[in-house]
Structures are given as structure tokens and as C-alpha cells.
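1. predicted structure and sequence below. I'll ask about it afterward.
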Amino acid sequence: MSKRNRAKSKNAAKVAAAAVPPVGWSWQCLALAVLAAAGIAVYWNSFSAAFIFDGIHFIRDNEAIRRLWPFELDLGKNRPLGFYTFALNYAVGGTNVWGYHAVNLAIHVVAACLLFDIVRRTLSSSRLAEQYAKHAWGLGLAAALLWLLHPLQTESVTYIYQRLESLMGMFYLATLWCFIRAIDARWRYLWYAASVVCCALGMATKEVMVTCPLAVLWYDRVFVASSWREMLRRRGAYYLFLAGTWCVLAAVVASAWDRYEKTGVLVQNFSALNYAWSQPGVILHYLWLTFWPDHLCLDYDWKIPLDVVKIVRTGLILAALLAAVVWCMVRRPALGFLGGCFFLILGPTSSFATVRDLAVEHRMYLPLAVPVVLVVLLGYEIWRNWTTQLFSKSAANSFVAQIAPLAVFLLVAVALGWRTFVRNEDYQSNLTIWRSTVQQRPLNLRARSSFSHALYQEANDKEGALKLLSETIRLAPTYAPAYYIRGNIHKNSQEHELAVKDFSRAIELLPKKLDARLGRGLSYMALGKFDSAIEDFTDAIELEPNWAAYYRLRAQCCLLRAQTTGAQDVRLAMSDAKRACELTGGRDAPSLEVLAAAYGEQGDFREALEWQSKALELIRGEDARRAAQARLDLYQAGKSSLRNQRSSDGASEWLESETGP
């Protein structure tokens, strides 16, 4: 751009800005209050929603989040910051879901506030001020409010575990917002530093953050800098530090590389090319849900497309959208940036990376802002141009002409908010969310199995659950989770021989399926087959060396077997019990009780009393406290808690029922 054109542009911006009264803090606070109130209004019924799906394994039953320091994360260590927020929640309220939902909603509202100010400031910037500055506040609020209320966001807000997505989105927006604030700020270097810190925090939250430095660079060139040279000359050091945050992500990924396959983030069930040609259909489905958010689904079980015609058709539509973005990048850079960000943010999960699930709604958390902002701006342009054409000059300024767009906006906002409120009801329990998922995807094996488990656990419908599982196994005889869940139902019903059979089949199909080994070990334990149980728990420890439950269960087996085989087992039990207590930070009552029992078997009743007393302090249930007190009384009398009860009783008191499918 020539000096003359730049001067002309600046003068036009000054003229436009002079015609617009500055937005004071009172108006800013009003916008934030509206967003907060709207968020609470549509999400208040989510606060009782249970832990579901990954939230059970990674949060509710994850012993690694039960202490803040030292924080030894194993599961989820590829996303350490997000998991540390779960640990903070646990430290404050245990597994009470209310606190987790409150934090999720707070993150979502903060992200919406950031989006509001980003849109407002961008529309008021020198390159767009003449066209949009007069209504930048209202347009920013409209875009942020629709984004906040959209039901497509429920998976990232109501589904507790997907805080990882919304938290990353918040840091993504915060990185850009701090950069925008730095442009004309008096203490701009502090804002630049804050931007880099937010980017680094996002990198430690979720891998999609990898695109953030590129988005900021692109924004700078489109809305701020007059040339690449000027941009790098004035802010080269900032971009060097911003790029340095990739080192944070690289370090996290490298340290957790072995976890990606174990946690199911990356799979090798299909090639990168197979994954890529599935994504045009997925992205178009995301866009459809943006404009018609009905039939939302937790688990799509999206398949690799085999229909060549369908692949070509969806590919051509997506190619046309990409071509439009490229055209805008050249002719209308602001629109090009907006459309490009949609594909940029989706890129890590909707291109070639073989992520376990081909389509999930939470991936649209941040990209959803793009079509929402586009719709708001399009509506504004229609209103601004059509009112002057359809009405006289006086009519264009009439009350009806001014109130009509507001009425349309409120109607859309209320409709979206109501749909979000209704969708939250599906998340109230595992039973309701999996029933909804099966209704949307009747042939989804994972949904059918999970719904069966919920039928048994929450509806106490054993017959219905077993029938659905048997039908699922008939449809897919090699689907291991169905055998595992059926085995779990048999185990909890004391049908241990049947349970062992199903667990064994699940292990045969998936040798690394830890929960099946755990279930079979518990059934062997109940049958008195302690050697087999110890073998299963030992295999589980080799596969997952930092999971306290496996050490505790092996210790229990050793103690029960020690009644007939001698003290050698007691020493192993002592070692395992200590390791379990170490991994749980001394805050897990069952581990403490096992350690007390080991000391009791050795005749060290002073230590047994100490550890049993600590366990008793942590136990809340009346029946459990009564049983724990009875064992404490035995230690006070100088008696072993195991040698003064039948072996089967000792086993049954310690048996656990796994609840996760």
C-alpha cells in the first residue's frame, strides 16, 4: 500500500471514529453481564449432569487427580493443564459434579466475553471502522451471544471431560485478544507477554492450539500491519516468542507419546488418506449442525466412506468453499481471514491425523465462531442496505425499521438457548445420554454397549441390558467391549463363572484391555482362585504401572491367599499396599485399609491401628464406617481382621464393581 493510500485510509478511519461515541466501561460491563446471565440461564440445568463416558475413567475414577502436589499425571499427561484443573476441582469438592460444571460454564462465559471484545475491536479497527464502527459494540455482542447459546457447544460445556476443548478455546481467544490490546496500549510489551503466556498455557491444554500462532500472524497482516516486512520489523521478537510456545507442545507430546495409543487419541485402524477423504462429509455435517442444530449426538461412530460418488460430491463442495476462501484472501482479506480460520482451527483434527473418532461435535467449539460472525455481519449488511431501499429515508429511521432486526436476533437467540437447555437434559445421566445416542445411531456398537451398561447400573434392568448386549454380540462377534460389559453384569450379579468366560473373550480380542483383566481378576478373587487373580492384576500392573487400584487388589489377593500359604505373600501385600497409598497420596481409604490389614497379618497391631484410623477418617458411608470400625476394634484387641472372618467374607468386603464400559 502506498503512503498516499495509507494516509487516505487513516483519514477515513479517523472520520468514521469521530462520528462514533466511544464505548465506555459501563457499556462494556453491560455486555459482559448479558453474556454471563445468558450462560447461566441456559446452562443452570446442566449442573446436576453426571460424569459420562471419558469423564468416568479420566476424572471420577482417576486417582492421579486426587492430589495437587506432587502432581504425577499418567492418564492424560498429553494435556496436563486441563487435567490439573480437574485436580483443583477434586481438591475443592471431590467428585461432586456441581463444581466441575461451574468451572466449565465459567470458562465458556469468559471465552464468549473474549470473542465479544475481539469482534468489537476488530470492527472498530482502522480498516473496518468506516463500515462497522458505529455498531461494533452491538455486532460483537450479537456474535458472542449466539456463539455462547448455540446447542452445538453443549458437548464442550455440559460434558465435563470436554473442558479440555473449551479451555483450549479460551486460551486461543485470549492469545489473540491480548495481541489486539497490545497494538495501541501504553504498556504494550506486557500485553505481548500476556499473549505469549496464554498461548503457552493453551499448548499445555490441547494439541489443537498448535495453529494459534499462525492465526495471530494472519490477523496482524490483515487488520494491523501494512506489509509483512513492517510486521516482522516491529513485532519480530513477539512472534519469535509466540513460535517458541510450540516447544511447550512438542515437549508435552514427546513426554506422552506412549499414551496416545493407550488413551485412544491416535489409532492405526485406517490410513491417513482414508481419514482425509472422510473429512469433507464431516465438515459439511458440522456446517449443517451450525444452521440446524438438531439430532445432536455424543458418539457418531462415523465410518470411512466407501461410496466414490459421495466422496467426490462432498469433496467438490468443500473444494468450492476453500476456493472461495482463497479468493477472499486476495480480494477481501478480512473475509479471507475469517473463513481461513475455520479451516485452520479444524485442520489438526479434520485433515490427515488419524484421530480415533472421525467426527465429534466438540471440535466445532472454536470454529463455530466463524459462521456465527459471518451470519451476524451478513444480517447487518442486509438490514443496512435493504432498509434504505425498501423504505423512505424517514421510514428507514423509524422505530419499526430499527426494532425489526433486534426482534429477529432475539428470536434466533431464544430458539438456540432453548435447544441448548433441552439438550442439557440428555446429559443428566449415562442412561439418558446413551439412550439419545442409540436413537440417533442405532447401529453404533459403542453406544449400544454403553446404553446396556447404563440400563443395568441406573435402571436396574438386567434382562434388558443382557438382551441388548447379546444382540450387539450377534451383530459384531468380535466387539470386545460388549463381552466386557456383559461380563461385568455377570460379576456384579455374583455369576462369576459366566463373568470369567466373557472377560476372557474380551481379553482374547483386546489383550491390552485393562478393565477386562481387572474384572476377571475380581471374579477369580470371588471364586477363591487367588493365583489366577494375582496373575491378572500383575499383568495389569505391567501395562499400567501407576494405577493404584491394581496394586491394592493384588495386595488383597496376597493377604487372602496368605491364610493358607504363609508370610511371603504378606510381605508382597505390604509392598503393594504401600505403593497404592503412595500413588493416592494417602487419601484412598481402601488402600489404607489394605495396608492396615497387612500390618495386622504380621502382628504389628500398633501400625494396623494407625492406618485403619486414617482410613476411618476418610470413610463417609454409615455401613462402610461400621465395617471399618469393626476391623479397628479387632486390631485394638490384638486380632487379625482376616483370620477372624471367613475368607469369602473378606473377599466380598473388598470386591469392587467397575462401572465404566
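-> Ah, there it is. Given the structure is predicted, the values throughout are model-derived calculations rather than measurements. Residues are numbered from 1 along each chain as shown.

2. alpha carbons only for contacts and neighbour counts from here, please
-> Noted.

3. helix, strand, or coil at the spatially most central residue of the chain?
-> Geometric centre of the chain, nearest residue: residue 162, 1.5 Å, by C-alpha atoms, centre = their mean. Under DSSP: H, G, I helix; E, B strand; the rest coil, the three-state class of residue 162 is helix.

4. that one: what's it in contact with?
-> 155, 156, 362 (C-alpha atoms under 8 Å, 6 or more residues apart in numbering).

5. wait, the last one sits on residue 155?
-> I take that to be residue 362. Yes: here residue 362 reaches residue 155: they are 5.5 Å apart, a contact under C-alpha atoms under 8 Å.

6. higher neighbour count, those two?
-> Counted by other C-alpha atoms under 10 Å, residue 362 and residue 155 do not tie: residue 155 has more neighbours, with 26 against 22.

7. now for the closest residue to residue 227 other than its chain neighbours, how many residues are close by?
-> Distances taken as C-alpha to C-alpha, 6 or more residues apart in numbering place residue 221 nearest to residue 227, at 6.7 Å, with adjacent residues excluded. For residue 221, the neighbour count with other C-alpha under 10 Å is 18.

8. ditto for the one 3 residues further on
-> Here the number of neighbours of residue 224 (other C-alpha under 10 Å) works out to 16.

9. and the gap between it and residue 179?
-> The spacing between residue 224 and residue 179, counted by C-alpha to C-alpha, to the nearest Å, is 11 Å.

10. equivalent analysis for residue 514, please.
-> According to C-alpha to C-alpha, residue 514 and residue 179 sit 46 Å apart.

11. looking at the two, which has the bigger crowd around it?
-> residue 179 (25 against 19).

12. now do the contacts for the more buried one.
-> Residue 179 touches 191, 192, 195, 216, counting by C-alpha under 8 Å, 6+ apart.

13. the same query, at a cut-off of 10 Å, please.
-> Contact analysis of residue 179 by C-alpha atoms under 10 Å, 6 or more residues apart in numbering lists 173, 185, 188-189, 191-196, 216-217, 219-220, 238.

14. check residue 336 too.
-> Shown in contact with residue 336 (C-alpha under 10 Å, 6+ apart): 222, 322, 324, 325, 326, 327, 328, 329, 330.

15. give me the neighbour count for the last one.
-> The one in question is residue 330. By other C-alpha under 10 Å, the residues close to residue 330 number 11.

16. wait, is it part of a strand?
-> No: using three-state DSSP, the assignment for residue 330 is helix, not a strand.

17. what's the spacing between it and residue 337?
-> 10 Å.

18. centre of the chain to stretch 247-256, how far?
-> Put simply, stretch 247-256 sits 19 Å off its chain's centre (C-alpha atoms, centre = their mean, to the nearest Å).

19. what residues does that stretch touch?
-> The contact list for stretch 247-256, computed with C-alpha under 10 Å, 6+ apart, reads 74-80, 199-210, 245-246, 257, 259-260.

20. among those residues, which are located in helices?
-> Within these, residues falling in helices by DSSP state H are 80, 199, 200, 201, 202, 203, 245, 246, 257, 259, 260.

21. ok, the residue nearest to the second one when sequence neighbours are not counted - contacts?
-> Setting aside the residues directly before and after it, residue 199 is nearest to residue 175 in space (C-alpha to C-alpha, 6+ apart), at 5.5 Å. Taking C-alpha under 10 Å, 6+ apart as the contact definition, residue 175 lies against 114, 169, 191-202, 212-213, 215-216, 242.
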